[in-house]
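Enquirer: this one's sequence-less:
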């Protein structure tokens, strides 16, 4: 993980990733920053006119961070001629509304294709070679044969991509005087679809060469921390410390994936390194996940991307990157984050489904520095994600402190589900929703058939907790003492300020988090010695 602490002359310190107690935080203006926002649709930011009403919609709904785009196609429409109109508009519009901006560099690769490369690149087949796939073993799936896919092993492409990215970063350094841009994603969901590895002449030459000692030494240095999949592929040929790619890893699709991961990680690192030499913002890469049930083979998902089982290769191959992130559209959100929370890799979710519960899991259970549903501009005012952001943003100071001190948990629970978690010696039991409509004879309460409970639990004192949750119930216990709830103090947000409201007792002690809205309660506990 790279600590980018460069200071532009006469300006505030740049954002940086650094360890903060039990967590790694993104520091912005010297303070830990919780990047709760969303990613725009890929083409939205290409038009300032289209974006004009979007900015007000996002600002009005508590979106503090927006992931926008910088397209190579638009930034360098002709070789050596640069146009930053769309980038400048995003920086200006975000700054006016107090929104922070993360930019995606749509360079040579976007979703395993090269459609965002400029026309002058895509037209010049002699200078910029295309990737080639084995027609005899072509994997069908989510890709089209007529989409442009450039070869990641072509150094001329890498150098052109890197030069353009460096111009972008230098331009940001010049115009972003308020520090609106806090990070940049380099490329998007890189990899090769249709085959496990590129068969073009440049790729064939790399495949026939010796595996770089840098990779093999790095894998060996990881010891027991090495991902079991990579270990198994390496060890089947004796965990060799020298030889060609085929000699060291074999010739099947799994060997091809390691080869492509090294190729893409080195490419992205070269582009990123050239860029941060001009402006040292944190840079990262994201992954189209795989294997998945409907895409088990490399090539049915992008072969060579920073998927969980290739993180070792990517961390060795791209040390310039501050972190590697999953784009999560699969059901197992928790499991995916667990796979990425390794070897000091901070959790940042650049794309996900627009579900509020996922933000609580990311921030509370995995100490995430950011969470972003895709297509954020499509969410209507009052959407559950926006309602969650209102609360999470108001609690952000307490959240980052609790992350650093390891006294926080985020959860999602379904009907009949129960979770137990230890927070500071307290066993916190979290129960999922159940149908309370008939209890009071009024039809009020949660319908267990269509509700999911979620929330956040923070220990704020020796015997005190803050809980913000919906459709769940909680209880507290300790092994050495009897624990009783002493006081429940409800708090509500009014104009961005927390105001004490009801002191809850009686039945409300059990049903305090039931209903459609998030409720925030400070809980005082009383400990009594066991008889």
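Expert: It's in. Being a predicted model, the structure only gives us computed values, none of them experimental.
Enquirer: By residue count, which helix of this structure is the longest?
Expert: As assigned by DSSP state H, the longest helix anywhere in the chain is helix 253-276.
Enquirer: Low-confidence regions, the stretch 301-450 of the chain specifically.
Expert: Residues of the stretch 301-450 of the chain that meet the criterion pLDDT under 70 lie in 435-450.
Enquirer: Would you work out how far apart the start and end of stretch 69-80 are?
Expert: 20 Å (CA to CA, to the nearest Å).
Enquirer: Next up, the contacts around residue 496.
Expert: If you count contacts by CB atoms under 8 Å, 6 or more residues apart in numbering, residue 496 has them with residue 394. Placement of C-beta: from N, CA and C, glycine included.
Enquirer: Can you give me the distance of it to residue 395?
Expert: Separation of residue 496 from residue 395 (CB to CB, to the nearest Å): 12 Å.
Enquirer: cool, residue 482 as well?
Expert: Relative to residue 395, and taking CB to CB, residue 482 is found at 30 Å.
Enquirer: Lowest-scoring secondary structure element of the chain by mean pLDDT?
Expert: helix 508-511 (a mean of 79; mean pLDDT, DSSP states H and E).
Enquirer: Which SSE is immediately downstream of that one?
Expert: Downstream of helix 508-511, the next assigned helix or strand under DSSP states H and E is strand 519-529.
Enquirer: neighbouring strands for that following strand, and are they parallel or not?
Expert: Using DSSP bridges, strand 519-529 pairs in its sheet with strand 464-470 (antiparallel), strand 481-494 (antiparallel).
Enquirer: in the last one, what counts as buried?
Expert: Right, strand 481-494. Under the neighbour-count criterion of 16 or more other CB atoms under 10 Å, strand 481-494 has 481, 483, 485, 488, 490, 491 buried.
Enquirer: Give the rounded mean pLDDT of that strand.
Expert: The average pLDDT within strand 481-494 is 92.
Enquirer: ditto for the first one
Expert: Average pLDDT, strand 464-470: 96.
Enquirer: other SSEs contacting the helix or strand following it?
Expert: Once the chain leaves strand 464-470, the next helix or strand it forms, by DSSP H and E, is strand 473-477. If you count contacts as 3 or more CB pairs under 8 Å, 6 or more residues apart in numbering; DSSP states H and E, strand 473-477 packs onto strand 426-431, strand 481-494.
Enquirer: In TSV: these, plus distance to residue 261.
Expert: TSV is the format used below for the helices and strands packed on strand 473-477 (distance: least, CB to CB, whole Å):
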stretch	distance to residue 261
strand 426-431	38
strand 481-494	45
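Enquirer: Which one, of these, ends up nearest to residue 28?
Expert: With CB to CB as the measure, strand 481-494 is the member of the helices and strands packed on strand 473-477 nearest residue 28 (22.8 Å).
Enquirer: What are the contacting residues of the closest one?
Expert: With CB under 8 Å, 6+ apart as the test, strand 481-494 has contacts from 390-391, 394, 426, 463, 476-477, 498-505, 508-509, 512, 519-530.
Enquirer: are any of those buried, and which?
Expert: For the contacts of strand 481-494, buried by 16+ other CB under 10 Å: 391, 394, 426, 463, 476, 504, 512, 519-523, 525, 527.
Enquirer: These into TSV, with extra columns for distance to residue 409?
Expert: Shown next, in TSV, are the buried ones among the contacts of strand 481-494 (distance: CB to CB, whole Å):
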residue	distance to residue 409
391	16
394	19
426	11
463	17
476	12
504	21
512	17
519	17
520	15
521	15
522	16
523	14
525	16
527	20
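Enquirer: Pull the most distant pair out of those residues.
Expert: Once CB to CB is applied, the buried ones among the contacts of strand 481-494 give 394 and 527 as the farthest pair, at 29.6 Å.
Enquirer: OK, contacts around residue 406?
Expert: By CB under 8 Å, 6+ apart, the neighbours of residue 406 are 21, 22, 23.
Enquirer: got the contact list for the second one?
Expert: For residue 22, the residues meeting the contact criterion (CB under 8 Å, 6+ apart) are 367, 403, 404, 405, 406.
Enquirer: Can you report phi and psi for residue 26?
Expert: Residue 26 adopts backbone torsions of phi -90, psi 120, taken as degrees, to the nearest 10.
Enquirer: Offset the numbering so it begins at 26, please.
Expert: Renumbered: residue one is now 26, and that last one reads residue 51.
Enquirer: what's in contact with stretch 446-461?
Expert: Counting by CB under 8 Å, 6+ apart, 432-434, 436, 438-445, 469-474, 476-478, 480, 482, 484, 490, 496-504, 508, 536, 539, 550 sit against stretch 446-461.
Enquirer: Of the buried residues of strand 506-519, which is the nearest to residue 301?
Expert: The closest of these, once distances to residue 301 are taken by CB to CB, is residue 516, at 42.1 Å.
Enquirer: as a whole number, average confidence for stretch 314-322?
Expert: For stretch 314-322, mean pLDDT is 94.
Enquirer: Could you list the residues in contact with it?
Expert: Counting contacts by CB under 8 Å, 6+ apart, the residues outside stretch 314-322 that touch it are 164, 166-167, 221, 278, 323, 325-327, 330, 332-333, 351-355, 361.
Enquirer: Pull out the buried residues from those.
Expert: Buried members of the contacts of stretch 314-322, scored by 16+ other CB under 10 Å, are 164, 221, 278, 323, 325-327, 330, 332-333, 351-353, 361.
Enquirer: Out of the residues you listed, which sit inside strands?
Expert: 351, 352, 353 (DSSP state E).
Enquirer: Distance-wise, check residue 105 relative to residue 203.
Expert: 29 Å.
Enquirer: okay, the two: which has more neighbours?
Expert: residue 203 (14 against 9; other CB atoms under 10 Å).
Enquirer: any idea how far residue 40 is from that one?
Expert: Counting by CB to CB, the gap from residue 203 to residue 40 is 13 Å.
Enquirer: just residue 156 next, same as before
Expert: 34 Å.
Enquirer: do residue 146 as well
Expert: For residue 146, the distance to residue 40 (CB to CB) stands at 31 Å.
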